[in-house]
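[1] From the sequence below, what's the structure:
(one chain, ligands or ions: 1)
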Amino acid sequence: MIKVDVSNVISEEEIAKYSEKAKTINKMINEKTGPGNDFLGWVDWPENYDKEELERLIRDAKYVRENFDVLVVAGIGGSYLGARCALDALKGIKNTEKPEIIFMGQTFSPNYTAQVLDYLKDKNFAINVISKSGTTTETSIAFRLLKSLLEEKVGKENARKAIFAVTDKEKGALKTLCNQEGYSTYVLPGNIGGRYSVLTPVGLFPLAVSGVDVKAMLEGAKVAKKEFDNPNLKENSCYRYAVSRDYMYRHGHPVEMYVTYEPQMTQISEWLKQLFGESEGKEKKGLLPTSATFSTDLHSLGQFIQDGSPILFETILNVINPQLDVVIPSDKDDLDGLNYLAGKKLSYVNQMAYQGTLNAHEVDGGVPCNVITIEKMDAKTLGYLFYFFMRACALSAYLLEINPFNQPGVEIYKKNMFHLLGKKGY
Ligand code: PA5
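    Have a look, this model is predicted:
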């Protein structure tokens, strides 16, 4: 479904040196014996997900699709980025289909929040609140505001039918609220962490509402699961990619830059930054994941990448066939000198920009570049790609001897903030 070329980053000889480690770690992942092993539920999820729950989710999503103009999704981090990036990648950033999907709760910004609330005042909207812990402050504030606006607009009883929650099976304030109010609720299993949850109801409910074929997405992940449960580094492109990252980390390239040529894939880079950054950035170790969208950023960061401190390597996600295309028209006066491109598609120009840049960065700039070629972005391919990266991340973090599934560093800002806000117990 995708082609992964790591040859500019690591040689076959160097890859072979990781063979034993890859075998050991693959076993650790499958047998759930490594650090954080109680958070490996995502590994078998594409096969083991709750089939009945998925049918209910699809039915509810259809109801929302048919009865509301807007769905507001409230969540942050792993309870936000997956759905956000998949929506962009599959539907585009100027999608006009109904219902419109709006995100809230991923920021404390008063400007953003006030604008969204104002926009919703005259809209027929439903709410999808997503929080595993059920206590995340950004999400909780957003949900309190949304719930109150909705109840004011349509009354408590109708609001109840327009609120859909994703949270833990038993624990947390949101779960207690759902039980009390009788909201339609889906489970984020206890053994799957936020940033590994895109293929659970966390990602799938908003995606199903927007009309994405979520079964195809799970099918893609299932194909990936079969393919990447393989310790052979000659065959497993996912582990080859993971190993290339580790090699870069240990050979003077502490920064990985995710690169796309599609603005609608910029959010995939955001998801990747969370996945790898939160999984690996511990114990003063880990690559710094960063991102750029070309050619936009070739006119800003391009200079640094080509010629600045040689600290980074690229991982390029190159989609060959876009969902839509545009032909460049001919002009009789040709004052802009563009007639040499008349009749050509923008996808062709974009691919030439990709090839020219790859060569400039690799050959002239000496920047190692991994290339992941995606024939066409659709739900199945995206499900496959999500699984590819999650499995690569697990191997990568275990190569660093780090627990990929906790995030102790994230708690410190919360403690300080709660103290400053005067929360009881802080
Ligand atoms: O990956 C993670 O675990 C985090 O990014 C969480 O998803 C994020 O902090 C939101 O947490 P919750 O779903 O509990 O509200």
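
[2] Flag every residue of the protein that's near the ligand.
    For the chain, the residues in contact with the ligand (Cβ under 6 Å from any ligand atom) are 76-79, 131-133, 136, 139, 193-195, 278, 407. From N, CA and C alone the C-beta is placed, and that goes for glycine too.

[3] Now, the residues you listed that are in helices?
    With DSSP state H as the criterion, helices contain 139, 278 from among these.

[4] Tabulate the residues of the chain next to the ligand in a markdown table, adding columns for neighbour count and pLDDT.
    Output for the residues of the chain next to the ligand, formatted as a markdown table (neighbours: other Cβ atoms under 10 Å; pLDDT from 0 to 100):
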| residue | neighbour count | pLDDT |
| --- | --- | --- |
| 76 | 20 | 98 |
| 77 | 21 | 98 |
| 78 | 25 | 97 |
| 79 | 29 | 98 |
| 131 | 30 | 97 |
| 132 | 28 | 95 |
| 133 | 17 | 93 |
| 136 | 24 | 96 |
| 139 | 26 | 98 |
| 193 | 23 | 97 |
| 194 | 26 | 97 |
| 195 | 25 | 98 |
| 278 | 23 | 97 |
| 407 | 19 | 94 |
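
[5] State the mean pLDDT of stretch 165-175.
    For stretch 165-175, mean pLDDT is 96.

[6] I'd assumed residue 83 was in contact with residue 267.
    No: using Cβ atoms under 8 Å, residue 267 makes no contact with residue 83, being 9.7 Å away.

[7] more crowded one of those two?
    Neighbours were tallied for residue 267 and for residue 83 using other Cβ atoms under 10 Å; the higher tally belongs to residue 83 (28 against 22).

[8] hmm, who's touching whatever helix or strand the more buried one lives in?
    Using DSSP states H and E, residue 83 sits within helix 81-91. Outside helix 81-91, the residues within contact range by Cβ atoms under 8 Å, 6 or more residues apart in numbering are 73, 75, 95, 97, 101, 103, 195, 197-199, 202-203, 205-207, 210-212, 217, 262, 264-268, 270-271, 274, 377-379, 382, 386.

[9] If you count neighbours, what's buried in the next helix or strand after it?
    Under the assignment DSSP H and E, the closest C-terminal helix or strand after helix 81-91 is strand 100-104. For strand 100-104, the neighbour count (16 or more other Cβ atoms under 10 Å) marks 100-101, 103-104 as buried.

[10] Give me the next element, helix or strand, following strand 100-104.
    Per DSSP H and E, strand 100-104 leads on to helix 110-120 as the next helix or strand towards the C-terminus.

[11] ok, and for that next one, which residues are buried?
    Those would be 113, 116-117, 120, for helix 110-120 by 16+ other Cβ under 10 Å.

[12] I appreciate the help and will end here.
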